[in-house]
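*Asks:* quick one, what's the 3D model for this:
(one chain, ligands or ions: 1)
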Amino acid sequence: MHIAVINGPNLNLLGVREPERYGTATLAEIEARVRERAAPLGAEIAWFQSNHEGALVEAIQALRGATDGALINAAAFTHTSVALRDAVLAVDVPFVEVHLSNIWAREEERHKSLLADLAIGVVAGFGPDSYVLGLEAMVGWLRRAERPEPGALEV
Ligand code: CA2
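*Replies:* Numbering: from 1, shown residues only. Alright, predicted model coming up:
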């Protein structure tokens, strides 16, 4: 099972700036935690971060046929990017939206996500654990999609 993790702008600064808001873990440390959890789940991780909207669009476009599922933390583009929304719509890959912070407990402009209604679900507010929880949820969802429980309703 292949899971891609897409990270948006400024997440490369984690652990370096504003530790009081986003914690002390660096993005590389979060990546290591996700990879550590992925191994026993039988998931292979492809990790990507960019500060550029177009690069993120291209990374999402490249998911088509290349991954089973994705975790997406589009950072500030979560709240603004119709381009990322269109890319996600175009590839038709199941994904979990993840955020370190609880975006609904922050400024009004962060309450809206242009991706959330396209996601399987959203994990927000648990710091680096949001990624690990998102991974577990994504893998569980994919396993159920492969082998639905007997008697499960078809939709
Ligand atoms: O909580 C999250 O994961 C966010 O996606 C983080 C974004 C923010 O714009 C979203 O509203 C919520 C910001 C990531 C920037 O991270 C920084 C880390 C250190 C210093 C400055 C920014």
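*Asks:* contacts, neighbours, all on C-alpha from now
*Replies:* Noted.
*Asks:* Val16 reaches Tyr22, doesn't it?
*Replies:* No: applying Cα atoms under 8 Å, one finds Val16 not in contact with Tyr22, separated by 9.8 Å.
*Asks:* okay, those two: which has more neighbours?
*Replies:* Neighbours were counted for Val16 and for Tyr22 using other Cα atoms under 10 Å; Tyr22 has more, 19 against 14.
*Asks:* same question for stretch 135-155: list its buried residues.
*Replies:* 135-139, 141-142 (16 or more other Cα atoms under 10 Å).
*Asks:* using CSV, write down the CA coordinates of it.
*Replies:* Provided in CSV are the C-alpha atoms of stretch 135-155 (Å, rounded to 0.1, in the frame of the first residue of the first chain):
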residue,chain,number,x,y,z
LEU,A,135,-2.1,7.6,8.5
GLU,A,136,-3.9,5.1,10.6
ALA,A,137,-7.3,6.3,9.5
MET,A,138,-6.2,6.3,5.8
VAL,A,139,-4.8,2.7,6.0
GLY,A,140,-7.9,1.5,7.8
TRP,A,141,-10.2,3.1,5.2
LEU,A,142,-8.2,1.5,2.4
ARG,A,143,-8.3,-1.9,4.0
ARG,A,144,-12.0,-1.7,4.4
ALA,A,145,-12.4,-0.5,0.8
GLU,A,146,-10.4,-3.6,-0.3
ARG,A,147,-12.3,-6.0,1.8
PRO,A,148,-15.7,-4.7,2.9
GLU,A,149,-17.2,-6.3,6.0
PRO,A,150,-19.8,-8.9,5.3
GLY,A,151,-23.2,-7.3,5.1
ALA,A,152,-21.8,-3.8,4.7
LEU,A,153,-24.2,-1.6,2.8
GLU,A,154,-23.0,-0.7,-0.7
VAL,A,155,-23.1,3.0,-1.5
